[in-house]
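J.: Dropping a prediction and its sequence here:
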Amino acid sequence: MHFCKMAVAIIGMALAVPCLAQNAPGGAPGGATGGHNPTDVQLKGDKFLAQVDANKDGKISKAEWKALDLPDGVFTRMDTDKDDFLTLKEIEANWYPGSLDTNKDGILTLEKLKAFDAQMKNMKAPGGAPGAGGPGGPDSPQK
């Protein structure tokens, strides 16, 4: 049994290595924001910019971001030049979890980001049934 688990782990690592070794679009390993998961994607950001840029100055301010109740941490990570504005270049250089692009059209939208944020908040919410005790734990049968 232990041998099978180890074999599966080794095969899994062997399959993952080629994905991790590939260069991201633009040539730099790991993309513009550093390393990322193999399932992450880069998305076109022009629609998102148009949706969030309330004053139509071609960039998203921190105030415009907060007015839509979007997650601060995402803004901070995307704002690579730390000027408190997001440009189309910064939006498109970012790597996003593949599950954010629900319809797989390669386009970031306000609706997709809000839905993904809600999903992440639900995952962090306390709840759910506690797991059973492991071997030797309080729920294990006595021999």
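T.: Yep, that arrived.
J.: in the chain, which spans are helices?
T.: 2-21, 46-52, 62-67, 72-78, 88-93, 110-124 (DSSP state H).
J.: pLDDT on the second one, on average?
T.: Confidence over helix 46-52 (mean pLDDT, whole number) is 97.
J.: Give me the helices and strands touching that helix, please.
T.: Judged by 3 or more C-beta pairs under 8 Å, 6 or more residues apart in numbering; DSSP states H and E, helix 46-52 is in contact with helix 88-93, helix 110-124. Backbone N, C-alpha and C define where each C-beta goes, glycine included.
J.: Out of these, which one sits most buried?
T.: Compared across those, helix 88-93 shows the largest average neighbour count, a mean of 18 (mean count of other C-beta atoms under 10 Å).
J.: quick one: average pLDDT of it?
T.: Here the average pLDDT along helix 88-93 is 96.
J.: Then stretch 122-132?
T.: 65.
J.: repeat for stretch 59-66
T.: 98.
J.: Export it to PDB, keeping only CA atoms.
T.: Extracted as PDB, the C-alpha positions of stretch 59-66 are listed here (Å, rounded to 0.1, in the frame of the first residue of the first chain):
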ATOM      1  CA  LYS A  59      -7.000  53.300 -15.200                       C
ATOM      2  CA  ILE A  60      -8.600  51.900 -12.000                       C
ATOM      3  CA  SER A  61      -8.000  53.900  -8.800                       C
ATOM      4  CA  LYS A  62      -8.000  52.400  -5.400                       C
ATOM      5  CA  ALA A  63     -11.200  54.400  -4.700                       C
ATOM      6  CA  GLU A  64     -12.900  53.000  -7.800                       C
ATOM      7  CA  TRP A  65     -11.900  49.500  -6.700                       C
ATOM      8  CA  LYS A  66     -13.200  50.000  -3.100                       C
END
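J.: picking up where we left off before, I'd like to know which of the helices and strands packed on helix 46-52 lies nearest to Leu70.
T.: Closest approach to Leu70 among those (C-beta to C-beta): helix 110-124, 6.5 Å.
J.: For Ser61, list the residues it contacts.
T.: Asn55, Asp84, Phe85 (C-beta atoms under 8 Å, 6 or more residues apart in numbering).
J.: whoops, Pro97 was the one
T.: Asn37, Thr39, Asp40, Val41, Phe116.
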